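Enquirer: Based on what follows, work out the 3D shape:
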Amino acid sequence: MAAVFMIGDGLLGLLQPERHVSLWRSDVAPVDALVRPFGGHPKRRRLYGLVQITAGLALAAAQRPRRPNN
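Expert: Sure thing, here's the model as predicted:
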C-alpha cells in the first residue's frame with residue numbers, strides 16, 4: 001500500500017508540482033512544514049517526485065505475493 005501511495009504521490013508531484021503543493025497545504029503546522037520547502041520551487045518538487053517514484057517502485061519490487069494458506 002505504501003508503494004502505491006509513493007508512486008501516485010510522486011507522479012502527481014512530477015507532473016503537476018504547483019497543484020500538488022497546494023493540495024497538501026494545511027492549517028496543521030507540522031503537515032504544512034513538510035510541504036513548505038516545495039512552495040514556489042516546482043523543479044525541487046519534480047525532483048522529489050522522481051525520488052518518490054523510484055523508492056515506491058523499489059519497495060514494490062521487493063514485495064513477494066502471499067501464498068494462500070492451504
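
Enquirer: Could you pull out the helices in this protein for me?
Expert: 2-15, 17-24, 29-35, 42-62 (DSSP state H).

Enquirer: Where does pLDDT dip in this structure?
Expert: Across the chain, the ranges flagged by pLDDT under 70 are 70.

Enquirer: 80 - rerun?
Expert: 69-70 (pLDDT under 80).

Enquirer: Thought residue 12 was touching residue 19, still the case?
Expert: Yes: the pair residue 19 / residue 12 is scored as a contact, 7.5 Å apart, by Cβ atoms under 8 Å. In this view, the C-beta of every residue, glycine as well, is placed from N, C-alpha and C.

Enquirer: With respect to residue 69, which of the helices of the chain lies nearest?
Expert: helix 42-62 (22.3 Å; Cβ to Cβ).

Enquirer: buried stuff in the closest one?
Expert: Residues 45, 46, 48, 49, 52, 53, 56 are the ones in helix 42-62 that count as buried (16 or more other Cβ atoms under 10 Å).

Enquirer: for the last one, what are its contacts?
Expert: This points to residue 56. By Cβ atoms under 8 Å, 6 or more residues apart in numbering, the residues touching residue 56 are 2, 3, 4, 5, 6, 7, 10.

Enquirer: Please report which of these has the highest neighbour count.
Expert: Among the contacts of residue 56, the one with the most neighbours (other Cβ atoms under 10 Å) is residue 10, at 23 neighbours.

Enquirer: Pull up the gap between the closest residue in space to that residue that isn't next to it in sequence and residue 8, please.
Expert: Nearest residue to residue 10, sequence neighbours excluded (Cβ to Cβ, 6 or more residues apart in numbering): residue 52, at 3.0 Å. Applying Cβ to Cβ, to the nearest Å, the value for residue 52 to residue 8 is 9 Å.

Enquirer: got it, and residue 62?
Expert: For residue 62 relative to residue 8 (Cβ to Cβ), the value is 18 Å.

Enquirer: With residue 59 instead?
Expert: For residue 59 relative to residue 8 (Cβ to Cβ), the value is 13 Å.

Enquirer: And for residue 13, the neighbour number?
Expert: Based on other Cβ under 10 Å, the number of other residues close to residue 13 is 26.
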